[in-house]
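J.: quick one, fold the following:
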Amino acid sequence: MTILVTGATGNVGRHLVEQLHAANHPVRALTRDPANAHLPAGVDVRVGDFTHFASLEAALEGVTALHLMTTFGPGNTTVPNSRDLVDAAVKAGVRRVTLLWNGYTGPVEEAVEDSELEYTHLRPGEFMSNALSWAGMIRAEGVVREAYGEVGHSPVDVRDIAAVAARALTEDGHAGQAYILTGPEVLTVPQQVAAIAAALGKEVRYEAEDPEGAKERMRAMGIEEHAIDYVLDWRANPPQFAREVFTSVADVTGRPARTFAEWAKDHAESFR
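T.: As a prediction, the model looks like this:
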């Protein structure tokens, strides 16, 4: 069973490729730049892009399971030609598909649900890895500035999202499921900052940021305006599930979801 992972060098995709490969599943990785993908030896790395449909058709040849992004790129652009893509997957012999959403149900999910594919929805809340955007501030000033920091979220480790995806792609019993994926605790930004400080063994301050200041900071990072609005809206008023703890990671994988403190220890060097 060959498994195609789209977004193979992204936050979730890279870990999914590595986990599938480590478990000896034949895995094919789709990326725009194979030469700089730095994926494990033995992985079938293919060049492809959601904006070049022919490259997707070629990558689907001989594939029986598919991990599918629903948006791509820094602007979170919806994957185009979703009906044609799903038809191509079915024609190629794909049976199972996992769908990584971006906070809402769109045309990709609708096309898959209307098909004969066995689908599993992966619906994570905030990624723990979003905290890496604070690394520059922490290294330079020992501070984190963030708007709406008092709002609690239940962030999830991308390695756990990948682990759930790997099970859904390689095991029976996940068809038609919609897994809400969270970490094991609800945390505010100051609590996350405290966990990073503990991992580093030094003080890191939290400073509340006004929304306009947050917008200016993200514009300077090159983030597009509509993506800025989406991020700030999510942080200020996340959906109810993102403020709760769900046990989907443990239910599917058989082990507890990683804590933010564990994530911070594993990524401490990024903040030094």
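J.: could I get the full set of strands for this structure?
T.: In the chain, the segments counted as strands under DSSP state E are 3-5, 27-31, 44-47, 65-69, 71-72, 77-78, 96-100, 118-124, 143-146, 178-181, 205-208.
J.: now these as CSV including mean neighbour count?
T.: Where C-beta positions appear, they are placed from N, C-alpha and C, glycine not excepted. Shown next, in CSV, are those (neighbours: other CB atoms under 10 Å):
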stretch, mean neighbour count
strand 3-5, 29
strand 27-31, 27
strand 44-47, 18
strand 65-69, 26
strand 71-72, 18
strand 77-78, 15
strand 96-100, 25
strand 118-124, 23
strand 143-146, 20
strand 178-181, 20
strand 205-208, 15
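J.: quick one: which of these is nearest residue 133?
T.: Residue 133 lies closest, by CB to CB, to one member of the strands of the chain: strand 143-146, at 9.0 Å.
J.: as CSV, the strands of the chain with distance to residue 14 would be great.
T.: Formatted as CSV, the strands of the chain follow (distance: least, CB to CB, whole Å):
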stretch, distance to residue 14
strand 3-5, 9
strand 27-31, 9
strand 44-47, 12
strand 65-69, 12
strand 71-72, 14
strand 77-78, 20
strand 96-100, 13
strand 118-124, 15
strand 143-146, 25
strand 178-181, 17
strand 205-208, 29
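J.: which stretches of the stretch 1-150 of the chain form helices?
T.: 13-22, 53-59, 82-92, 107-113, 135-141 (DSSP state H, counting those that start in this stretch).
J.: from the contact counts, what lies against the third one?
T.: This means helix 82-92. helix 53-59, helix 107-113 (3 or more CB pairs under 8 Å, 6 or more residues apart in numbering; DSSP states H and E).
J.: of the strands of the chain, which is nearest residue 251?
T.: strand 178-181 (8.2 Å).
J.: contacting residues around the closest residue to residue 14 other than its chain neighbours?
T.: Computed as CB to CB, 6 or more residues apart in numbering, the closest residue to residue 14 that is not its neighbour in sequence is residue 8, at 6.6 Å. By CB atoms under 8 Å, 6 or more residues apart in numbering, the contact set of residue 8 is 14, 16-17, 29-31, 37, 39, 45.
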